[in-house]
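1. The following comprises the amino acid sequence and a computationally predicted model.
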Amino acid sequence: MKIKTQTVVRTVCLIVALVNNILTVTGMNPLPFSEEEIYGGVSALVTAVISLWAWWENNSFTKAAIAADEEYERIKAESSMNSEKGR
């Protein structure tokens, strides 16, 4: 049985968050960052993720591109129906 990578990442993040919380409650500053630096880093990360997502997705603005998207979806639906009939 193999543990999924996502499970390991979530578990490690949870452990880091718990340790950080415990150290903060006890008056220690576990992370050598100010709140402004953390905010800036999180903001930059969110911007990067949204930028990559927007770039990756198909963004059709022209009438021709929108029509091509509709035709693609129609062909894909027909292909899906045909493959289900063949089962």
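-> Good, I have the coordinates. Numbers count the residues shown, from 1 in each chain.
2. Low-confidence ranges, this structure, go.
-> Counting by pLDDT under 70, the chain shows low-confidence ranges at 86-87.
3. Spell out for me which residue occupies the centre of it.
-> Val49 (6.8 Å; Cα atoms, centre = their mean).
4. As a check, name the ranges of all helices in the protein.
-> 5-25, 35-56, 63-85 (DSSP state H).
5. Residues touching the second one, excluding its own?
-> Helix 35-56 has contacts (Cβ atoms under 8 Å, 6 or more residues apart in numbering) with Leu31, Phe33. (C-beta placed from N, C-alpha, C; glycine too.)
6. residues of it that come out buried?
-> Residues of helix 35-56 include none that count as buried (16 or more other Cβ atoms under 10 Å).
7. For that helix, list the C-alpha coordinates in PDB.
-> The C-alpha trace of helix 35-56 is given here as PDB (Å, rounded to 0.1, in the frame of the first residue of the first chain):
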ATOM      1  CA  GLU A  35       3.300  40.000   9.600                       C
ATOM      2  CA  GLU A  36       4.000  42.300   6.700                       C
ATOM      3  CA  GLU A  37       6.500  39.900   5.200                       C
ATOM      4  CA  ILE A  38       4.100  37.000   5.600                       C
ATOM      5  CA  TYR A  39       1.300  39.000   4.000                       C
ATOM      6  CA  GLY A  40       3.500  40.000   1.100                       C
ATOM      7  CA  GLY A  41       4.600  36.400   0.600                       C
ATOM      8  CA  VAL A  42       1.100  35.000   0.700                       C
ATOM      9  CA  SER A  43      -0.100  37.700  -1.600                       C
ATOM     10  CA  ALA A  44       2.700  37.000  -4.100                       C
ATOM     11  CA  LEU A  45       1.900  33.300  -4.000                       C
ATOM     12  CA  VAL A  46      -1.800  33.800  -4.600                       C
ATOM     13  CA  THR A  47      -1.100  36.100  -7.500                       C
ATOM     14  CA  ALA A  48       1.300  33.600  -9.000                       C
ATOM     15  CA  VAL A  49      -1.200  30.700  -8.700                       C
ATOM     16  CA  ILE A  50      -4.100  32.700 -10.100                       C
ATOM     17  CA  SER A  51      -1.900  34.000 -13.000                       C
ATOM     18  CA  LEU A  52      -0.800  30.400 -13.900                       C
ATOM     19  CA  TRP A  53      -4.400  29.200 -13.700                       C
ATOM     20  CA  ALA A  54      -5.700  32.100 -15.900                       C
ATOM     21  CA  TRP A  55      -2.900  31.500 -18.400                       C
ATOM     22  CA  TRP A  56      -3.600  27.700 -18.500                       C
END
